[in-house]
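Peer 1: Kindly return the folded structure for what I paste below:
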Amino acid sequence: MHGMMLQDEAIDARIAKMDASHARLAAMRSSMPQSNRNIHRAAFIAINARIPFICANIRGDIPALMRMAFTHEFGEEFPDNDSEADPTTTEETVRALMALDLHNRRATSVVRRITAVLTRRPELSMNIPLAPGEELPVAMYTLNQGAVWACLMGDGANPDLEDRVLKEAREKQPDYIEMHDKIRNALTPEAKCLWFLCRKFFFSLNVAEKDGESYLLTELSCYHHRMYMGRLFMLDTDKHTALTRARMPRALEVYSDRFTHIARTPKSLWGWGDNRSNQLGFESAAGGVVDPTRLTFAACPKVAELEASLPPWEKHRMVSDVSMSASHTFILTPVGTVVAGVVLSMYVGPVEEDNKHLFHPVAVPDSFVPDHIMNSLHTVILSMGDRQVMSGENKYSQLGLGHDDAMSGFVDLPFRVDRVVSSINRCFNVFLSGRQLLFAGLVRRHIAQSGLPGFDLGDLCDTPTPLRFPERVKEFYCDEMNSSGSLRARPATFSGVR
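Peer 2: I've put the predicted structure just below:
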């Protein structure tokens, strides 16, 4: 029968088996003579026009399969069809597809795949319609996106679809081939495939990318972590061979300073990473790198009492803020501020040798409970409302207190500070006070030559002195990493503040 004109009786016999929708297509045949091929081409186009009505909630790209089958059978793309098709049922569409008289083997195979998808109706992973009283099926894809993301991450899925971790490592450390290989082995291209097993998996990845947190630091080694809905996975190329779940309670917030990290959780604070200066409040073994460990406050009775008084899963309420810089950690709480790390005496006063690795309460004026902290290297300013106190390294009078005495606690500030920028070698500070830039500390060459009249190279400026510029300053930039240094001001921003 192939290649021949069908007799009217044969055509009528096929029409009898078609549904009402397919019968309308046959009416087209009766109104104008057509070949068998043209009849089935028109039927194929008509079925394709109705596909959007039935496949919106069916897993699988049925429109793409329809285009593939049509091209295999007729050697052309679907023509543009702007006419509106009547809604149809899945069963009607399946019957119409099965009635097509196809000649191409590939087209026949693809159509069978389409009918199989429509007949079996694979379960949706998202937007699952439920009848009254019906519950979601017990399946991984019906978990919330945070649980789905954590399960796939725990199973080794690679969330770095664009290879950003490896690209940054190559850019910043092009000669560290071993580190590149470790990253490549931990974040393999094959492990990306897990996110594409169903729509819910890919949706979970996209939401985690948008709403989650990511941290990356590449130096002698590479540290990278990702967190979404409290679940944190980390990769340290010196310790891990894959992204590894942090063994600690759900994290509400993570504070990081280079390779040192602290998470605020409903079960108190947990710290991990670099602890060589005891900045996490406890001693660690040789090497100073620790796994997630709960922080304790044995030398801070008020903080320990507050923590013990809170319900088991509300310990996060003990923390107002955390600030880490220059190998020390400040934790603000409703009952005071504590600190751990190097050179504690300048913040807390004398410390017993046996307890120097612990957190200690900072020495502040009576009844002073800070609600804000500015922490710039070894210059720290605590605020309670409009009142400010300061302490830190003062060898070069860089605190602007009128002397170069060593500090043993915080004292009231004689001037207002909105921001502070410290030199990298900790010999001077520049304070933003209102609309003024104030300098204090050792006068370096670029300072003396730029904007500090009355001071020469090597002088100590022990009181906050305004820097002078020929134009109104909107941005301050100081570079002392080269031999001459430079000081520039131009219409832009000061540390991001216009």
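Peer 1: contacts and neighbour counts: CA atoms only from here.
Peer 2: Will do.
Peer 1: so after the helix or strand hosting Ala43, what's the next helix or strand?
Peer 2: Element membership for Ala43, per DSSP states H and E: helix 36-55. Using DSSP H and E, the helix or strand that follows helix 36-55 in sequence is helix 62-74.
Peer 1: all helices for the stretch 201-350 of the chain, in order.
Peer 2: Along the stretch 201-350 of the chain, the stretches classed as helices by DSSP state H, counting those that start in this stretch are 301-309, 345-348.
Peer 1: Check the ones you listed for me and report the most buried one.
Peer 2: Mean neighbour count, computed with mean count of other Cα atoms under 10 Å, is highest for helix 345-348 among these, reaching a mean of 21.
Peer 1: Give the rounded mean pLDDT of it.
Peer 2: The pLDDT scores in helix 345-348 average 94.
Peer 1: quick one, domains of the chain?
Peer 2: Domain ranges of the chain: 8-120, 139-245, per automatic domain parsing.
Peer 1: Could you say which of those is packed most deeply?
Peer 2: domain 139-245 (a mean of 17).
Peer 1: Would you pull up how far that domain lies from the middle of the chain?
Peer 2: Taking Cα atoms, centre = their mean, to the nearest Å, the mean C-alpha location of domain 139-245 is offset from the chain mean by 10 Å.
Peer 1: so where's the stretch 251-400 of the chain uncertain?
Peer 2: Low-confidence segments of the stretch 251-400 of the chain (pLDDT under 70): 286-287.
Peer 1: can you tell me which helix or strand Met153 belongs to?
Peer 2: Counting by DSSP H and E, Met153 is part of helix 145-154.
Peer 1: Contacts for that helix next, please.
Peer 2: Outside of helix 145-154, the residues within contact range by Cα atoms under 8 Å, 6 or more residues apart in numbering are 140-141, 159, 194-195, 200-201, 203-205, 207-208, 228-229, 231, 233, 243-245.
Peer 1: same check, this time on stretch 92-110
Peer 2: Stretch 92-110 is contacted by residues 18-19, 21-22, 40, 43-44, 47, 51, 65-66, 68-73, 111, 115, 118-119 when judged by Cα under 8 Å, 6+ apart.
Peer 1: same question, stretch 243-258
Peer 2: Applying Cα under 8 Å, 6+ apart, the contact partners of stretch 243-258 are 153-154, 156, 186-187, 217, 225, 229-235, 261-267, 270, 292-293, 322-325.
Peer 1: And for stretch 202-217?
Peer 2: By Cα under 8 Å, 6+ apart, the surrounding residues in contact with stretch 202-217 are 145-146, 148-149, 159, 165, 195-196, 222-229, 258-259.
Peer 1: hmm, back to that, with distance to Leu457 added, can I get the helices of the stretch 201-350 of the chain in CSV?
Peer 2: Below are the helices of the stretch 201-350 of the chain laid out as CSV (distance: least, Cα to Cα, whole Å):
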stretch, distance to Leu457
helix 301-309, 46
helix 345-348, 28
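Peer 1: Could you list everything the residue nearest the centre of the chain pairs with in the sheet?
Peer 2: Nearest to the geometric centre of the chain sits Glu213, at 2.7 Å (Cα atoms, centre = their mean). In this entry, Glu213 is beta-bridged to Met227, by DSSP bridges.
Peer 1: what about stretch 238-255, start to end distance?
Peer 2: Using Cα to Cα, to the nearest Å, one end of stretch 238-255 lies 21 Å from the other.
Peer 1: Can you pull out the low-pLDDT segments for the stretch 1-150 of the chain?
Peer 2: The stretch 1-150 of the chain contains residues with pLDDT under 70 at 1-35, 56-60, 81-87, 121-124, 126-131.
Peer 1: Make sure Val117 is indeed in a helix.
Peer 2: Yes - with DSSP: H, G, I helix; E, B strand; the rest coil as the criterion, Val117 is part of a helix.
Peer 1: Do a quick rundown of the strands in the stretch 151-300 of the chain.
Peer 2: Using DSSP state E, counting those that start in this stretch, the strands found in the stretch 151-300 of the chain span residues 213-218, 222-228, 231-236, 244-245, 253-257, 260-265, 268-274, 289-294.
Peer 1: Now find how far off-centre the fifth one is within its chain.
Peer 2: Counting by Cα atoms, centre = their mean, strand 253-257 is centred 13 Å from the centre of its parent chain.
Peer 1: Pull out the buried positions in it.
Peer 2: Across strand 253-257, burial judged by 16 or more other Cα atoms under 10 Å covers Val254, Ser256, Asp257.
Peer 1: any chance of those residues in JSON lines, with distance to Asp181 too?
Peer 2: Listed next are these as JSON lines, based on distance: Cα to Cα, whole Å:
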{"residue": "Val254", "distance to Asp181": "28"}
{"residue": "Ser256", "distance to Asp181": "25"}
{"residue": "Asp257", "distance to Asp181": "25"}
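Peer 1: List the neighbouring strands of the helix or strand where Cys461 lies plus their orientation.
Peer 2: According to DSSP H and E, Cys461 maps onto strand 460-466. Note on strand 460-466: by DSSP bridges, its sheet partners are strand 436-442 (antiparallel).
Peer 1: Contacts for the strand it pairs with next, please.
Peer 2: Contact with strand 436-442 is made by 396-400, 427-432, 458-467, as judged by Cα under 8 Å, 6+ apart.
Peer 1: Likewise for stretch 346-366?
Peer 2: 278-283, 296-300, 336-341, 344-345, 389, 391-393, 406-411.
Peer 1: which among these end up buried?
Peer 2: For these, a neighbour count by 16+ other Cα under 10 Å gives the buried set as 278-283, 296-297, 299-300, 336-341, 344-345, 389, 391-393, 407-411.
Peer 1: Nearest residue to His40 in space, please, no chain neighbours.
Peer 2: Among residues not flanking His40 along the chain, Leu100 sits closest, at 6.1 Å (Cα to Cα, 6 or more residues apart in numbering).
Peer 1: cool, and Ser268?
Peer 2: Of all residues not flanking Ser268 in the chain, Lys315 sits nearest, at 4.7 Å (Cα to Cα, 6+ apart).
Peer 1: That neighbour: neighbour count?
Peer 2: Using other Cα atoms under 10 Å, the number of residues around Lys315 comes to 19.
Peer 1: Please list all residues in contact with it.
Peer 2: With contact taken as Cα under 8 Å, 6+ apart, Lys315 is in contact with Thr265, Pro266, Lys267, Ser268, Glu307.
Peer 1: Return the distance of the third one relative to Glu283.
Peer 2: It refers to Lys267. Lys267 is 21 Å from Glu283, where distance means Cα to Cα.
Peer 1: same thing with the first one?
Peer 2: When Cα to Cα is applied, the distance between Thr265 and Glu283 equals 22 Å.
Peer 1: Same question for Tyr215.
Peer 2: The spacing between Tyr215 and Glu283, counted by Cα to Cα, is 25 Å.
Peer 1: what's the answer for Pro132, then?
Peer 2: Going from Pro132 to Glu283 by Cα to Cα gives 59 Å.
Peer 1: got it, and Gly336?
Peer 2: Gly336 sits 23 Å away from Glu283, going by Cα to Cα.
Peer 1: Ok, Ile114 next?
Peer 2: Counting by Cα to Cα, the gap from Ile114 to Glu283 is 64 Å.
Peer 1: Over to Leu100?
Peer 2: As judged by Cα to Cα, Leu100 and Glu283 stand 77 Å apart.
Peer 1: No further queries at this time; thank you.
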